[in-house]
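Q: kindly generate the corresponding structure for this input.
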Amino acid sequence: MAYLLALKMDGVCIVKYIVVLATMLLITACSETKQSEVITDTTKQDEVIAYTTEGWSSQKTPTGYGLSCTTCENQVMVSIDVVPVDKSNKYTQSNSDFINYLMSDKDIVSKKMASDVIPNAKVEMLKSGKAKIGDKEVFRYAFVVNDGVNDSFDNTSLLIHNDNLIKITLNYYDGYFSEKDRKMVDSLYNSIKFN
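A: Down below sits the predicted model:
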């Protein structure tokens, strides 16, 4: 199931694409972009980011890869998405411009993005702010969403690299994340290299 969602700043589309698959938010489209225009070539992602998949199964998505932990004790998923940004937008000229803009209204921005994951679901924001993946600064927000049946934890990191928006999302059922699961996620995140 896919939902189209727009990431706009000051009324200007900064990302060409935004898609939601299951409960994992994957960046793909502004409202004027047709779903058929979603990038389906994941070789672009391979040129921008690299990581180890040991202990993870990998499946292509329209904008990158969905990873599922095969050695975890619980269902743990990570999506890694790479999409081009609107280069004419002043907020996407550099990663620091992008991060600083998101930080200027971090609580509002993160709440809006979290609320768009599952419309009409109850969202509890846990945190938002700057973080690091490798040597890159990212905007990270974490929340728990209740769809009326389950609580799902979501931790999303956003950054601009080589004229692309990179979105890395960790997702699991809230309360079902063991120390072994954490070690697998840490190992994956520590292996990430930006080309």
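Q: is the spatially most central residue of the chain in a helix, a strand, or coil?
A: Note on the chain: the residue nearest the mean C-alpha position is Lys167, at 3.4 Å, using Cα atoms, centre = their mean. Reducing the assignment at Lys167 to three states with DSSP: H, G, I helix; E, B strand; the rest coil gives strand.
Q: any idea how many residues pack against the nearest residue to Val109 once chain neighbours are set aside?
A: Excluding the flanking residues, the one nearest Val109 by Cβ to Cβ, 6 or more residues apart in numbering is Leu102, at 5.2 Å. Where you see a C-beta, it was placed from the backbone N, CA and C, and this is true even at glycine. Around Leu102 there are 24 other residues, counting by other Cβ atoms under 10 Å.
Q: same thing with Ile166?
A: Neighbours of Ile166 (other Cβ under 10 Å): 25.
Q: what sits against it?
A: For Ile166, the contact set (Cβ atoms under 8 Å, 6 or more residues apart in numbering) comprises Val48, Ile49, Ile80, Asp81, Val82, Leu158, Leu159, Ile160, Phe194.
Q: surely the residue nearest to Val109 forms part of a strand?
A: No. Leu102: not assigned to a strand; according to three-state DSSP it is helix.
Q: which is the next helix or strand following the longest helix seen in the chain?
A: When secondary structure is assigned using DSSP state H, the longest helix within the chain turns out to be helix 179-191. Following helix 179-191 in sequence order, the next helix or strand is strand 193-194 (DSSP states H and E).
Q: now for that next one, which elements pack on it?
A: For strand 193-194, the elements it packs on are strand 49-50, judged by 3 or more Cβ pairs under 8 Å, 6 or more residues apart in numbering; DSSP states H and E.
Q: run through who's touching the strand it packs on.
A: The contact list for strand 49-50 (Cβ under 8 Å, 6+ apart) reads Ile80, Val82, His161, Ile166, Ile192, Lys193, Phe194, Asn195.
Q: whichever of those end up buried, select them in ChimeraX.
A: Buried residues among the contacts of strand 49-50 (16 or more other Cβ atoms under 10 Å), as a ChimeraX selection:
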select :80,82,161,166,192,194
